[in-house]
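Asks: sequence plus the predicted model coming up.
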Amino acid sequence: MSEHPILRYVSAGAWALIEPLFSDRAKDLLIKLIDFMESDILPSEALFHSQISPDPKKRWESVPAVLGSLQKRAKELGLWNLWLSGGDFQGMAGGEGGGLSNLEYAVMAEIMGHSAILAPQATNCSAPDTGNMEVLARYGTQAQKDKYLTPLLNGEIRSSFSMTEYGVASSDATNLGNTTATLDPAKNSLSLSGHKWWITGAGDPRNIVHIVLAVTDPKNPSPHKRHSLVLVDPRAQGVKIIRPLTVFGYDDAPEGHCEVVYDNVKVDVDSGVVGGKAGLGRGFEIIQARLGPGRLHHCMRTIGIASRALDILLQRVSDPNRKTFGKYLKEHGTVVADIAHSRAEIDQARLLVLAAARRIDTEGAKGAMQDIGITKFTVPTMALKVVDRAMQVHGAEGVSADTPLPYFYASLRTLRYADGPDEVHIQQIGKKELKRVEDLKARTDKIRRDSERLLQANGLTRAKL
C-alpha cells in the first residue's frame, strides 16, 4: 500500500479497501487537495471571518477578499469543480472537475469538511450551487444553461434553492402549496407569489437566481405533478428578502438562510421554468434527482467535520495546562473512552458514506437511495456526538466562539432537518426492511423443514418448546 498523505486523515484499513478503485489522477488530485487544505485553506480561516463586517447591514454587502484568492489558487491546481463526479457530468466543466468517480469525490469532500465553510466555496463545491448546477445541467434549456449554469461553473455567481415554506410542514413536500405560479396563457407568463424561509444563499450579493418550487397545476389529480421549478431573479420586482435567519445565533453571512416573500413576481414560461414549457409539472421529478447526491455530499463533508473535532479534542486533552486533579485530561478513563468511541464511530460512518458513493457509481443515484438514506440519518448524529465530546473537554470555552466547535454543532444539527428530516429517512428504510419479511419467512420455513427431515433420518425428534 502506497504511503499516501491521505493516511493522515483516513484509516489505513479504509484506504486499503478503496485505493484500488482510485485512478492515478484522483490520487494526485488528492495529494494537491490535502496540501491546499493545510497550506492555504486552514491558515485562511481566521482572515476569512475577520473580513466579514460585524455591522448588521454591511455583512451582507460584500464577500471576504481572501475567498477570491483561494478560488484562483484552486483553479491553478486543478481543484475546481471536483464535485462533477460520475458519468453524467464528465467534461461538463471542460475537464477541470470531470473524471472523478463518486467514491473518489467522497474522500475529497471529507478532506474539505475539515474546513466546511471555506474549502467548498474555494473549490466551487458548495451547496446549494452544486445541486442547482445539477438541475440546470440535467433539465435546463440551452438558454438557461448559458445564462446560469456556465457562470455558476465558473464561480462568477451564486444561487439559491427555494423550497421550504413558512408555516407549512415541508418535510412532506406534497404539503408545499403557499407558493403558487399562476399561468397567463395570453402572455405565456406566470405570476409567482409565496412565502419561503431557510433559503440558503439568498443573502449573498453574488446571488442572481432562485430556483423556486411552486404550484403551477393545483387541480392535477397527482400531488407529484402539481409543482414546477421557476427561475427567479432576486432583484426582480416583488422579491422581498425579509431577514436572515440564525442557527443558534449564527447567521452565516454573507450567504445566510433567509426568509423570502415573492409578491406577484412576473416570470416568462419559456425562459423562467426549468426546462421551459416542457418543465411544467415536473418539479417533484426534478427535485428527487437533485436531492439524492446532495444528501450524500453533506455526509461526506460531515465525516471531515467530525474528524477535525476529534483532532481538536486530542490536542486539548494532551495540553499540560489543562490538568485536573493532578492528571492530564487524557489520563481520565472517561476521556479515553470518549476518544475510542469517537474513533470507532467516525470510521464506521465513513464506510457507510463510501459504500453509498460506490453504489451511485455502479447503480446510479436511484439505485443507491437506501444507502443514501441510511447514511443521511446516521452520519450527522454520529458527528454531533463527537463534537459534543470535544466541547465537553473544553469546559466553558467549548460553547464559546473561541473554538469552531459550537459552529460545527450548529451546522450539523441543521443537517438532521436539511434535505429531509431523520424521521422521513428512518421510516423509508424501516418500511423497506419490513418488505423482506415474506422472503425471510419462506427461507426460515424451508430451513426448518430440512432440519426436521435430517433429525428424522437420524432417528431424532426436535424438542417441543
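Replies: That came through fine. Numbers count the residues shown, from 1 in each chain.
Asks: the strands in the stretch 251-400 of the chain, which residues?
Replies: 257-268 (DSSP state E, counting those that start in this stretch).
Asks: my guess is residue 384 meets residue 405, correct?
Replies: No. In this structure, residue 384 is not within contact of residue 405 by Cβ atoms under 8 Å, at 11.1 Å. C-beta coordinates here come from the backbone N, C-alpha and C atoms, glycine included.
Asks: and the two? Which one has more around it.
Replies: Ranked by neighbour count (other Cβ atoms under 10 Å), residue 384 and residue 405 place residue 405 first, with 26 against 20.
Asks: from what I see, that one and residue 392 are in contact.
Replies: No. Using Cβ under 8 Å, residue 405 is not in contact with residue 392, being 9.8 Å away.
Asks: what touches both of those two?
Replies: Common contacts of residue 405 and residue 392 (Cβ atoms under 8 Å, 6 or more residues apart in numbering): residue 398.
Asks: so what pairs up with residue 183 in the strands?
Replies: residue 190 (DSSP bridges).
Asks: next up, the contacts around it.
Replies: In this structure, residue 183 makes contact with 189-190, 216, 269, judged by Cβ under 8 Å, 6+ apart.
Asks: now render those residues as CSV, adding distance to residue 248 and pLDDT.
Replies: As requested, the contacts of residue 183 are exported to CSV (distance: Cβ to Cβ, whole Å; pLDDT from 0 to 100):
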residue, distance to residue 248, pLDDT
189, 41, 96
190, 37, 97
216, 36, 97
269, 41, 97
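Asks: wait, is residue 242 part of a strand?
Replies: Yes. Assigned with DSSP: H, G, I helix; E, B strand; the rest coil, residue 242 falls within a strand.
Asks: you'd agree it is up against residue 261?
Replies: Yes. Between residue 242 and residue 261 there is a contact under Cβ under 8 Å: 6.0 Å.
Asks: quick check: the farthest pair among the contacts of residue 183?
Replies: 189 and 216 (11.9 Å; Cβ to Cβ).
Asks: settle it for me: which of those two has more neighbours?
Replies: Between residue 189 and residue 216, residue 216 has the larger neighbour count (other Cβ under 10 Å), namely 24 against 18.
Asks: residue 242 and residue 261 - which one has more neighbours?
Replies: Using other Cβ under 10 Å as the criterion, residue 242 and residue 261 rank with residue 261 on top: 17 against 14.
Asks: who's in contact with the residue lying closest to the more buried one once chain neighbours are set aside?
Replies: Counting by Cβ to Cβ, 6 or more residues apart in numbering, residue 261 lies nearest to residue 240, which is 4.4 Å off, once chain neighbours are set aside. For residue 240, the contacting residues are 260-263, by Cβ under 8 Å, 6+ apart.
Asks: buried residues in stretch 206-216, which are they?
Replies: Neighbour-count burial for stretch 206-216, counted by 16 or more other Cβ atoms under 10 Å, picks out 207-216.
Asks: one more: stretch 159-179?
Replies: 159-166, 168, 170, 173, 176, 179.
Asks: turn those residues into CSV, including secondary structure, pLDDT and distance to residue 140.
Replies: As requested, these are exported to CSV (DSSP: H, G, I helix; E, B strand; the rest coil; pLDDT from 0 to 100; distance: Cβ to Cβ, whole Å):
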residue, secondary structure, pLDDT, distance to residue 140
159, strand, 98, 12
160, strand, 98, 16
161, strand, 97, 14
162, strand, 97, 16
163, coil, 96, 17
164, coil, 95, 22
165, strand, 96, 24
166, coil, 94, 27
168, coil, 93, 27
170, coil, 89, 24
173, helix, 88, 21
176, coil, 93, 21
179, coil, 97, 20
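Asks: ok, which pair from those residues is furthest apart?
Replies: 159 and 168 (22.4 Å).
Asks: what ranges do the strands span in the stretch 101-250 of the chain?
Replies: Counting by DSSP E, counting those that start in this stretch, the strands of the stretch 101-250 of the chain are 158-162, 180-184, 189-200, 207-215, 227-232, 239-244.
Asks: what's the domain layout of this structure?
Replies: According to automatic domain parsing, the chain comprises the domains 5-126, 158-273, 291-434, 436-465.
Asks: in TSV, list these along with distance to residue 142.
Replies: Shown next, in TSV, are the domains of the chain (distance: least, Cβ to Cβ, whole Å):
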stretch	distance to residue 142
domain 5-126	14
domain 158-273	11
domain 291-434	23
domain 436-465	45
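Asks: of all the ones you listed, which one is nearest residue 150?
Replies: Nearest of these (Cβ to Cβ): domain 5-126, 9.9 Å.
Asks: and the closest residue to residue 287 other than its chain neighbours, bridged to which residues?
Replies: In space, and not counting its chain neighbours, residue 287 is closest to residue 213: 6.6 Å by Cβ to Cβ, 6+ apart. Beta-bridge partners of residue 213, counted by DSSP bridges, are residue 229.
Asks: in contact with residue 213, which residues?
Replies: Here residue 213 is in contact with 162-163, 173, 176, 179, 227-230, 283, 287 (criterion: Cβ under 8 Å, 6+ apart).
Asks: and those, which two are furthest apart?
Replies: 173 and 230, at 15.6 Å, using Cβ to Cβ across the contacts of residue 213.
Asks: what sits against residue 156?
Replies: residue 206.
Asks: relative to residue 73, how far out is it?
Replies: 17 Å (Cβ to Cβ, to the nearest Å).
Asks: repeat that for residue 432.
Replies: 44 Å.
Asks: what do you get for residue 19?
Replies: Taking Cβ to Cβ, one finds residue 19 at 27 Å from residue 73.
Asks: and those two? which has more neighbours close in?
Replies: residue 73 (18 against 15).
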